[in-house]
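Visitor: show me the folded form of this:
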Amino acid sequence: MLITNYSFNEIFELNNSPNKYNLTTQRQIASSEYIALIDSFFKLGSGGFFKGEKGISIYYKYFLQEINENEKGAIVISNGRRENVLKYKELIYDFYKNGYSVYIIDHRGQGFSERINKADNQMGHIDKFEYYVNDLKYYIENIVKSRYQKKVFLLAHSMGATIGTRYIEKFPHDFDAAALSSPMFGLKFPTCELIRLLTGDKSRYLFGKKIYDNEEKCFLGNNLTHSKIRFEAMMNMYENNPSIKLGGPSYQWVYQSYITIKKIFNELQKIEIPIILIQAGKDKIVTANAQKKFVFELKKLGKDAQGFFIDGAYHEILMEIDKYRIPLITHFLDFFANVRTVKE
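Guide: The predicted structure follows:
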């Protein structure tokens, strides 16, 4: 498997055989005993709700290292559209057993957080994209910072990376570094600029989208992951927790995402922390050219940015087969381990 640098077109080959961080494998999650171990660990995490922007209830969970002196850092996870804390159990466990405390929220309108469209709670809707950012800011200030004062890292996936990147532009000193997985910096909707004119602020599904569809449970032909066992675990999660199901996005969500992406590229100069971006080589959800542009523009500004892609991987790299997932997380953990704070 090859990882290619966006900026200089250099090719780096990662050694797939060592799993030096003892990351979870597909063979392990095929074992009911191992799954029970992760489930038991997950239940020990602390969690609850806080009131986000406009009074929306936001669900969160965190997992603190028992011995503070041995803690390597804190990782805050900003998950993607339709995602939730349950989907990240395996990743949280892997980060925790490698010495990190882990914090995660369900963004407004998804997971266990309060839904935005009361008439259709499966519609992926947002009034203003900045509300996502403001919710995350409240979480950082009132929960993360009250429990942790050393290195704090951002791990953000897809839409969560759009939220996270906008966050570090607005609040450049809250994180020591950011790792972005399949970031949503470009949408595959050619009519984004017309959406606002066509729909105004009305809440309606984007053309061709609808509520959660049971047909999505079919692994064959999916464009998210090559891992059957991880895909089926995700589908079972939804069936066992029907309240967290989420359907397609609204026109307003697409428009708000579009204008936020434009803001991100217009304000890249505000980013002050090291960033690593890893994109899926066969991503059919977000556009690779936008990621290339993101890293290129940051480097042009003299920022500390690294850009890579994993050849062959689908969008959900964090739940991909081992030959894609292990190098991805290994690269992120190597990156975090080498970040130095101003104090250091």
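Visitor: mind giving me the packing neighbours of the helix or strand encompassing Y138?
Guide: Here Y138 sits within helix 130-139, counting by DSSP states H and E. When contacts are defined as 3 or more C-beta pairs under 8 Å, 6 or more residues apart in numbering; DSSP states H and E, helix 130-139 packs onto strand 57-63, strand 73-78, strand 100-105, helix 159-170. The C-beta positions use only the backbone N, C-alpha and C, and glycine is treated the same way.
Visitor: list the contacts of the last one.
Guide: This points to helix 159-170. For helix 159-170, the external contacting residues (C-beta atoms under 8 Å, 6 or more residues apart in numbering) are 77-81, 83, 107, 129-130, 132-133, 136-137, 154, 156, 174-175, 178, 180-185, 257, 260-261, 263-264, 267-268, 270-273.
Visitor: give the residue spans of the stretch 151-300 of the chain that score low on pLDDT.
Guide: For the stretch 151-300 of the chain, the stretches flagged by pLDDT under 70 are 188-216.
Visitor: list the contacts for V152?
Guide: By C-beta under 8 Å, 6+ apart, the residues touching V152 are 73-76, 140, 144, 174-176.
Visitor: can you get me a residue count around N142?
Guide: Residues within reach of N142, counting by other C-beta atoms under 10 Å, total 10.
Visitor: any idea how far the residue lying closest to L136 once chain neighbours are set aside is from S257?
Guide: Using C-beta to C-beta, 6 or more residues apart in numbering and skipping the chain neighbours, the partner closest in space to L136 is Y167 (5.6 Å). Going from Y167 to S257 by C-beta to C-beta, to the nearest Å gives 15 Å.
Visitor: bridged to I278, which residues?
Guide: On the basis of DSSP bridges, I278 is bridged to S181, F308.
Visitor: got the phi/psi numbers for the nearest residue to N134 once chain neighbours are set aside?
Guide: Nearest residue to N134 in three dimensions, chain neighbours excluded: E53, at 4.5 Å (C-beta to C-beta, 6+ apart). Note on E53: backbone dihedrals following degrees, to the nearest 10 are phi -50, psi 140.
Visitor: list the contacts of E53.
Guide: Contacts for E53 (C-beta under 8 Å, 6+ apart) come out as 108, 131, 134-135, 138.
Visitor: how does it look with 6 Å?
Guide: With contacts defined as C-beta atoms under 6 Å, 6 or more residues apart in numbering, the neighbours of E53 are 131, 134-135.
Visitor: with F42 instead?
Guide: Per C-beta under 6 Å, 6+ apart, neighbours of F42: K89.
Visitor: in three-state terms, label it for me.
Guide: At F42, secondary structure determined by DSSP: H, G, I helix; E, B strand; the rest coil is helix.
Visitor: how about the one 5 residues further on?
Guide: Classification of G47 using three-state DSSP returns strand.
Visitor: roughly how far apart are the residue nearest to it when sequence neighbours are not counted and K51?
Guide: Leaving aside its sequence neighbours, G47 sits nearest to K61 (C-beta to C-beta, 6+ apart; 3.7 Å). Per C-beta to C-beta, K61 is found 17 Å from K51.
Visitor: of those two, who's got more company?
Guide: When neighbours are counted by other C-beta under 10 Å, K61 comes out ahead of the other of K61 and K51, with 21 against 12.
Visitor: thought that one was touching G45?
Guide: Yes. Between K61 and G45 a contact is recorded at 4.9 Å, counting by C-beta atoms under 6 Å.
Visitor: related to what we said a few turns ago, make CSV out of the helices and strands packed on helix 130-139 and add distance to G248.
Guide: Supplementary listing: the helices and strands packed on helix 130-139 in CSV, determined by distance: least, C-beta to C-beta, whole Å:
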stretch, distance to G248
strand 57-63, 22
strand 73-78, 21
strand 100-105, 22
helix 159-170, 13
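Visitor: ok, which of those comes nearest Y238?
Guide: Ranking the helices and strands packed on helix 130-139 by their distance to Y238 (criterion: C-beta to C-beta) puts strand 57-63 first, at 16.1 Å.
Visitor: each with direction, which strands does that closest one pair with?
Guide: Strand 57-63 has its sheet partners listed here by DSSP bridges as strand 46-51 (antiparallel), strand 100-105 (antiparallel).
Visitor: and the first one, which residues are buried?
Guide: Spelled out, that is strand 46-51. For strand 46-51, burial by neighbour count (16 or more other C-beta atoms under 10 Å) applies to F50.
Visitor: that one to helix 130-139, inter-axis angle?
Guide: 130 degrees (axes from the mean of the first three to the mean of the last three C-alpha atoms, to 10 degrees).
Visitor: related to what we said a few turns ago, how about the helices and strands packed on helix 130-139, which one is nearest L220?
Guide: Smallest distance to L220 across the helices and strands packed on helix 130-139 (C-beta to C-beta): 25.6 Å, for helix 159-170.
Visitor: out of the contacts of E53, who has the most neighbours?
Guide: Within these, neighbour counts (other C-beta under 10 Å) peak at D135, which reaches 24 neighbours.
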